[in-house]
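A.B. asks: Just the structure for this:
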Amino acid sequence: MPTLVIANKTYSSWSLRPWLLMKQLGVAFDEITIPLDLPDTRAKVLQHSPAGKVPILIDGDVTVWESISIMEYVGEAYDTPVWPEGRKARAMARSVAAEMHAGFSALRSACPMNLGKKFAQRNRGEAVARDVARFSEIVRQARELSGAGGPFLFGAFSAADAMYAPLATRLDTYSIALDATTRAYVDAILSLPAFQEWRSAAMTEEWIVEHDEVDEEAIENYRKAA
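C.D. replies: Numbering: from 1, shown residues only. Next up, the predicted model:
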């Protein structure tokens, strides 16, 4: 059985992605959790991968790091489809997954993943609003292309949904206003039994990552003084 090396479930967006895909597709695995931001974190991660980052999948004599690579490997090694069936949908799914990997920097920076918090709705700036608008556009286009078979981007759950799951949690955590189509998609992700399992485990963690504990009051005071 493969082993997935991950970080804290409360904060680790990259760990969530392959974990959620494997759970959703029924691929059994063991897991090792290495808490973030501790003195020995990097040394422990380096025991499993020279890249020094999580997630990491270890499957016998094969080690795979980087979330999309792990999901691709799972599809090949365990003969389970991780991308949509249609060629056009599959091309779009790969494109938006890569876009998630490299983009949405404003939203990811201003609204770090934190499953232990719930913040009130407020203006988070033009750059965040642009990222949210782009995400909503992706949801609308994917659903129009091939969303009839289920509630996810391309109908059935795929690697594209795993890539966007942490973004969905951010929109919920920070109470960001969404149109009806995007809200329904976010709710579908948050309602997944696999995600509920992840969230429940996150709520039992005692580790705190200070830079992901957004101080809303301090931010508001700074804006008022500026």
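A.B. asks: residues in contact with the one helix or strand Ser200 maps to?
C.D. replies: Counting by DSSP states H and E, the element that carries Ser200 is helix 193-202. Contacts with helix 193-202, where a contact means CB atoms under 8 Å, 6 or more residues apart in numbering, come from 8-10, 16, 19-20, 23-24, 115-116, 165, 189. C-beta here means a position set from N, CA and C on the backbone, and glycine is covered the same way.
A.B. asks: List the contacts of Ser175.
C.D. replies: 118-121.
A.B. asks: Using the three-state scheme, assign it.
C.D. replies: When classified by DSSP: H, G, I helix; E, B strand; the rest coil, Ser175 comes out as coil.
A.B. asks: Over to it: give its phi and psi.
C.D. replies: phi 50, psi 50 (degrees, to the nearest 10).
A.B. asks: Output the helix or strand containing Ile189 as CSV - backbone C-alpha positions only.
C.D. replies: Assigned by DSSP H and E, Ile189 falls within helix 180-191. Backbone C-alpha positions of helix 180-191 (Å, rounded to 0.1, in the frame of the first residue of the first chain) are rendered in CSV as follows:
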residue,chain,number,x,y,z
ALA,A,180,-25.1,30.8,-7.5
THR,A,181,-23.2,28.5,-9.9
THR,A,182,-19.8,29.0,-8.1
ARG,A,183,-21.5,28.6,-4.6
ALA,A,184,-23.1,25.3,-5.7
TYR,A,185,-19.7,24.0,-6.8
VAL,A,186,-18.0,25.1,-3.6
ASP,A,187,-20.7,23.4,-1.6
ALA,A,188,-20.2,20.2,-3.5
ILE,A,189,-16.5,20.2,-2.6
LEU,A,190,-17.2,21.0,1.0
SER,A,191,-19.9,18.3,1.2
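A.B. asks: name the helices or strands packed onto it?
C.D. replies: helix 126-146, helix 159-173 (3 or more CB pairs under 8 Å, 6 or more residues apart in numbering; DSSP states H and E).
A.B. asks: Could you check how many residues crowd around Val74?
C.D. replies: 24 (other CB atoms under 10 Å).
A.B. asks: May I have the phi/psi pair for it?
C.D. replies: The phi/psi pair for Val74 (degrees, to the nearest 10) is phi -60, psi -40.
A.B. asks: What residues does it make contact with?
C.D. replies: Val74 touches 18, 21-22, 25, 27, 57, 80, 82, counting by CB under 8 Å, 6+ apart.
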